[in-house]
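*Asks:* can't give you the sequence, but here's the structure:
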């Protein structure tokens, strides 16, 4: 699967595709969810007060977030507000920028392992993964694109150090950055790399170098250590809460290990269709063929990072659909490498990919009915995921029938044409795969003018105030989301949660203006 492009040209092509898709009209739609509102408000407060040490949201000191996902992202957001103003665009600029960087870093990592052509495919797969763009990620102002970039960079720097004998210092500086963006996820690269040392057996000297350099990560936790010492008992309660969520002692969010696994599988089908259909195929294929002659160190590291992300979130009790996003760079890379290898080697195993994809089209995804910028897009839209009837037959009969027909046709073509059939068919299959993913990420752009009820209400209140019209209090807020309600109204109004079934369906009431 040669594209005729060198590494620089392939990277330039990915950048040229990523920037408009991710940045186009980035600030036109309303605040989507509570996290992007929360992060932006904290950074705004830092700019207004000049206090870059304290995380405060509508008058509340957020101790939990001080340890969980601080401080680098808040400081970066504050700088963007200072440079470019306070708007929905600056709210999302950081995540959008790191989404582009993440795509390019995936290209670089996979190109290092398997060449520029595989890197280009990996970047295209990640760029056209629906959840990576829309659901708590690139086009909304959250942390996941930053985490994707840092994890991919960490894997690349670790692999480079192992292969060339270079210092692990750049790699551990990357881990320090990760710890100061999302502290709990520091477990992922550490676990993956410990497993790598155990399996690859590169020698104690390299392990000791890695461990010695890793002691610097402790120095990178200065923010957390100083806050822990300064907050005393309150900090211990927060750390206990984080431990409870990780251990399963959080019944309101604990689905259990099997429940988490099923929920994330459902998330992947919706969020990464059609590529999710090839994840198990490519992973199994690389392991089955590679283990016989020794899996390459790069592929092995990708598999270990992917496994570490999956195991971490399956074991952690707290569940949200977007937690799984950091696996996409590694899964995209494995799909690309597998496709390249089976096509290059002209093996019949390649037929498994098209068969899996055809079977997957029995999954009915109502793409056009889903607005990813609406508030409820953050919950998994199960009603948009169903099974199709095929030729008037239900899925139980229709899917196996279609798979049987497609398999028969492909096998006959294989026998008639032999290996010559693989290359053109492989390019056609890859083109169809990227086209389906591209269609999924292009359709939601139609909703970019979406305005939430809260944002519309805020604009109406500001208009009434500017015109000198009195406000008719209490004002009902009929859209859910406490963080968003506080983001829009808590600076100016006293907010109370409406009782269920009362106040004409209101979620919150603005009961009075603050002095």
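*Replies:* Done, it's in. Everything numeric here is computed off the predicted structure, so don't read it as measured data.
*Asks:* Just give the nearest non-adjacent residue to residue 158, would you?
*Replies:* For residue 158, ignoring the flanking residues on the chain, the nearest one in space by C-beta to C-beta, 6 or more residues apart in numbering is residue 171 at 4.9 Å. C-beta here means a position set from N, CA and C on the backbone, and glycine is covered the same way.
*Asks:* now swap in residue 314 and tell me
*Replies:* residue 260 (4.7 Å).
*Asks:* In space, what's closest to residue 65 - neighbours in sequence excluded?
*Replies:* That would be residue 55: by C-beta to C-beta, 6+ apart, it lies 5.4 Å from residue 65.
*Asks:* Just list the residues touching that neighbour, thanks.
*Replies:* Contact analysis of residue 55 by C-beta atoms under 8 Å, 6 or more residues apart in numbering lists 42, 61-63, 65-66, 70-71, 74.
*Asks:* Which of the residues you listed fall within strands?
*Replies:* Taking DSSP state E as the definition of strands, those contribute residue 61.
*Asks:* Give the full set of residues in contact with the closest residue to residue 128 other than its chain neighbours.
*Replies:* Counting by C-beta to C-beta, 6+ apart, residue 128 lies nearest to residue 437, which is 3.3 Å off, once chain neighbours are set aside. Residues near residue 437 by C-beta under 8 Å, 6+ apart: 124-125, 128-130, 274-275.
*Asks:* Could you do residue 434 as well?
*Replies:* Per C-beta under 8 Å, 6+ apart, neighbours of residue 434: 124-125, 128.
*Asks:* Using CSV, lay out those together with distance to residue 118, neighbour count and pLDDT.
*Replies:* Formatted as CSV, the contacts of residue 434 follow (distance: C-beta to C-beta, whole Å; neighbours: other C-beta atoms under 10 Å; pLDDT from 0 to 100):
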residue, distance to residue 118, neighbour count, pLDDT
124, 11, 25, 97
125, 10, 30, 96
128, 16, 25, 96
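*Asks:* what about the closest residue to residue 279 other than its chain neighbours, which helix or strand?
*Replies:* The shortest distance from residue 279 to any non-neighbouring residue, by C-beta to C-beta, 6+ apart, is to residue 331 (5.2 Å). For residue 331, the element it lies in under DSSP states H and E is helix 328-344.
*Asks:* same deal with residue 262?
*Replies:* With DSSP H and E as criterion, residue 262 is part of helix 256-271.
*Asks:* Mind giving me the packing neighbours of the following helix or strand past that helix?
*Replies:* Counting by DSSP H and E, the element after helix 256-271 in chain order, helix or strand, is helix 279-293. Applying 3 or more C-beta pairs under 8 Å, 6 or more residues apart in numbering; DSSP states H and E, one finds that helix 279-293 makes contact with helix 297-315, helix 328-344, helix 352-360.
*Asks:* Off-centre distance for the longest one?
*Replies:* The gap between the average C-alpha position of helix 297-315 and the chain average comes to 15 Å, counting by C-alpha atoms, centre = their mean, to the nearest Å.
*Asks:* was I right about the residue nearest to residue 279 contacting residue 277?
*Replies:* No: assessed by C-beta atoms under 8 Å, residue 331 is found out of contact with residue 277, at 11.5 Å.
*Asks:* Name the residue in these two with the higher neighbour count.
*Replies:* Neighbours around residue 331 and residue 277, counted as other C-beta atoms under 10 Å, are more numerous at residue 331. The numbers are 27 against 23.
*Asks:* show me the residues around that one that make contact.
*Replies:* Counted by C-beta under 8 Å, 6+ apart, residue 331 has contacts 272, 275, 279, 306.
*Asks:* Format those as TSV; extra columns: distance to residue 145.
*Replies:* Putting the contacts of residue 331 into TSV (distance: C-beta to C-beta, whole Å) gives the following:
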residue	distance to residue 145
272	15
275	18
279	20
306	18
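*Asks:* May I have the beta-bridge partners of the closest residue to residue 495 other than its chain neighbours?
*Replies:* Nearest non-adjacent residue to residue 495, counting by C-beta to C-beta, 6+ apart: residue 508, 5.4 Å away. Note on residue 508: beta-bridge partners by DSSP bridges are residue 477, residue 497.
*Asks:* got a pLDDT number for the residue nearest to residue 65?
*Replies:* pLDDT, residue 55: 94.
*Asks:* What distance do you get for it to residue 480?
*Replies:* Distance, residue 55 to residue 480, using C-beta to C-beta, to the nearest Å: 24 Å.
*Asks:* what's the answer for residue 467, then?
*Replies:* From residue 467 to residue 480 the distance is 29 Å (C-beta to C-beta).
*Asks:* Let's test this: name the helix or strand in this structure with the lowest mean pLDDT.
*Replies:* strand 385-387 (a mean of 61; mean pLDDT, DSSP states H and E).
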